[in-house]
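A.B. asks: what follows is a protein structure lacking sequence information:
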């Protein structure tokens, strides 16, 4: 069990509050009814509880063996509670309800498993104490005040207490599980809202910048091509013109990304083969010099026919961004696997898995934030565009990544029914039939 340091501190504070409240209450009762409990014995419990709290704080600041400390606290707190039950007369007293507080505290600040362990230990301690007092193995406190009850009464009370301990553990674990799930969902919703807010701001800025730059850039690129193709220029000058054209094209692609971020194009839904869309994207990247011989692209996409009704442009844009990210993550080369899976009848999964640098947990959490890039010189909008396109399609995107081991991106897309008349064409394509009229 992995124990968080913050939870240990909460556990220490929780027990201090309980023991302090109990001490104040019992001392008040003691002064009101001196015969109720031996004050000397209670002092021993109070001093022991606070000494243990001091020891727990020392171990907490030492910051080692947190799991051991957690169970150490549980064990000795239960011993203290058992001693309180003993000096109050065992079954005759009412302090055994404190076991329930310990179970609740364990569930809140540690885990479900720890709560059940605490409930089991409470059953053992309480059962041994009550049986021992009944059969005479443990003397009554004060001595001579034996409780005259039947064995059936003792066993029924023990079983009732055991049932209560485990019932409390189950109910509190159930409630804490619901609270933790709700907290996780709220945190995810908060992050999603932040991404969308940043996305809206990025969209406004992107639209303004892109429109300001796009036309002059097209003029520069066009003029350079005319000069390069229409005039007799030397090799060095031609290289410079090639640089201007290539860099203009690269900048044009970046602007296109900005425009997709700001105001996405109207989706043109058609029937197409997803494998072909991925292959076309790879060919474009190869022609643009983005891929080299050090990168090996494999996967079943190259041998599979996957008819799909949707936006081919979106699939190509998603593939473009994910493949480029994989290339950047493997500067020395590596392997990129692209697989297409029919997970369910109405779902399709595209998996991009590379053997690159991977990501830290913090980088992964910010992966879809606009203008946040994990690569030097990156714009930080590629994954934002991918995330939005997948969401707009009613799909979902999942990322698994481990530092220095690689990244896997899973895109799940819903299968949509094509309009009447198109469904037959899709089925024919799947079986390799010629659909030309």
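C.D. replies: Perfect, thanks for sending it. Since this is a predicted model, take the numbers as computed values, not measurements.

A.B. asks: quick check, residue 79 in a helix?
C.D. replies: Yes. Membership of residue 79 in a helix is supported by DSSP: H, G, I helix; E, B strand; the rest coil.

A.B. asks: report the separation between the residue lying closest to it once chain neighbours are set aside and residue 115.
C.D. replies: Computed as C-beta to C-beta, 6 or more residues apart in numbering, the closest residue to residue 79 that is not its neighbour in sequence is residue 125, at 7.2 Å. Where you see a C-beta, it was placed from the backbone N, CA and C, and this is true even at glycine. For residue 125, the distance to residue 115 equals 16 Å [C-beta to C-beta, to the nearest Å].

A.B. asks: just residue 90 next, same as before
C.D. replies: In terms of C-beta to C-beta, residue 90 sits 25 Å off from residue 115.

A.B. asks: what do you get for residue 139?
C.D. replies: Taking C-beta to C-beta, one finds residue 139 at 33 Å from residue 115.

A.B. asks: have a look at the two and say which one is more surrounded.
C.D. replies: Taking other C-beta atoms under 10 Å, residue 139 and residue 115 do not tie; residue 115 has more neighbours (26 against 13).

A.B. asks: let's verify that one: helix, strand, or coil?
C.D. replies: Applying three-state DSSP: residue 115 is helix.

A.B. asks: what's it in contact with, if anything?
C.D. replies: 103-104, 106-107, 169, 172-173 (C-beta atoms under 8 Å, 6 or more residues apart in numbering).

A.B. asks: identify the residues contacting stretch 56-65?
C.D. replies: Contacts for stretch 56-65 (C-beta under 8 Å, 6+ apart): 5, 8-9, 12, 69, 72-73.

A.B. asks: highest neighbour count among those?
C.D. replies: That'd be residue 73 among the contacts of stretch 56-65, by other C-beta under 10 Å, with 24 neighbours.

A.B. asks: and the residue nearest to residue 79, what element?
C.D. replies: In the assignment (DSSP states H and E), residue 125 maps to helix 112-135.

A.B. asks: mind listing what's buried along that helix?
C.D. replies: 112, 114-119, 121-123, 125-127, 129-131, 133-134 (16 or more other C-beta atoms under 10 Å).

A.B. asks: how far away is the residue nearest to residue 224 when sequence neighbours are not counted from residue 173?
C.D. replies: Excluding the flanking residues, the one nearest residue 224 by C-beta to C-beta, 6+ apart is residue 244, at 4.3 Å. To residue 173, residue 244 is 66 Å away according to C-beta to C-beta.

A.B. asks: how about the helices in the stretch 51-200 of the chain?
C.D. replies: Taking DSSP state H, counting those that start in this stretch to define them, one finds helices in the stretch 51-200 of the chain at 66-87, 98-109, 112-135, 151-230.

A.B. asks: for those, which one sits closest to residue 329?
C.D. replies: helix 151-230 (21.4 Å; C-beta to C-beta).

A.B. asks: show me what that closest one is packed up against.
C.D. replies: Helix 151-230 is packed against helix 98-109, helix 112-135, helix 235-262, helix 382-392, with contacts defined by 3 or more C-beta pairs under 8 Å, 6 or more residues apart in numbering; DSSP states H and E.

A.B. asks: before we move on, the earlier item: which residues does the residue nearest to residue 79 contact?
C.D. replies: Counting by C-beta under 8 Å, 6+ apart, residue 125 has contacts 78-79, 81-82, 99.

A.B. asks: need phi/psi at residue 368.
C.D. replies: Phi and psi for residue 368, reported as degrees, to the nearest 10, are phi -100, psi 10.

A.B. asks: residue contacts, residue 383?
C.D. replies: 321, 325, 367-368.

A.B. asks: residue 86: which of those residues is nearest?
C.D. replies: Using C-beta to C-beta, those come closest to residue 86 at residue 367, 57.3 Å.

A.B. asks: that closest one and residue 387, how far apart?
C.D. replies: According to C-beta to C-beta, residue 367 stands 8 Å off from residue 387.

A.B. asks: before we move on, what about residue 115?
C.D. replies: Distance from residue 115 to residue 387, by C-beta to C-beta: 38 Å.

A.B. asks: flag every buried residue along the lengthiest strand in the chain.
C.D. replies: Across the chain, the longest stretch assigned as strand under DSSP state E is strand 334-344. Within strand 334-344, the residues that qualify as buried are 334-338, 340, counting by 16+ other C-beta under 10 Å.

A.B. asks: how much space separates residue 392 from residue 313?
C.D. replies: 12 Å.

A.B. asks: who's more crowded, these two?
C.D. replies: residue 313 (15 against 12).

A.B. asks: surely the residue nearest to residue 224 touches residue 227?
C.D. replies: No. The pair residue 244 / residue 227 is not scored as a contact, 9.0 Å apart, by C-beta atoms under 8 Å.

A.B. asks: can you tell me what sits against the next helix or strand after the longest strand of the chain?
C.D. replies: Following strand 334-344 in sequence order, the next helix or strand is strand 347-354 (DSSP H and E). Outside strand 347-354, the residues that touch it by C-beta under 8 Å, 6+ apart are 274, 278, 306, 308, 318-319, 322-323, 326, 329-330, 334-343, 406-415.

A.B. asks: would you work out how far apart the start and end of stretch 338-349 are?
C.D. replies: Terminal residues of stretch 338-349 lie 11 Å apart, using C-alpha to C-alpha, to the nearest Å.

A.B. asks: quick one, what contacts residue 129?
C.D. replies: Going by C-beta under 8 Å, 6+ apart, residue 129 touches 82, 85-86, 90, 138.

A.B. asks: closest to residue 24 out of those residues?
C.D. replies: residue 85 (19.1 Å).

A.B. asks: contacting residues around that closest one?
C.D. replies: Applying C-beta under 8 Å, 6+ apart, the residues contacting residue 85 are 93, 95-96, 98, 126, 129.

A.B. asks: can you redo those residues as a markdown table with pLDDT and distance to residue 296?
C.D. replies: A markdown table is the format used below for the contacts of residue 85 (pLDDT from 0 to 100; distance: C-beta to C-beta, whole Å):
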| residue | pLDDT | distance to residue 296 |
| --- | --- | --- |
| 93 | 73 | 74 |
| 95 | 77 | 70 |
| 96 | 80 | 67 |
| 98 | 84 | 64 |
| 126 | 93 | 65 |
| 129 | 91 | 69 |
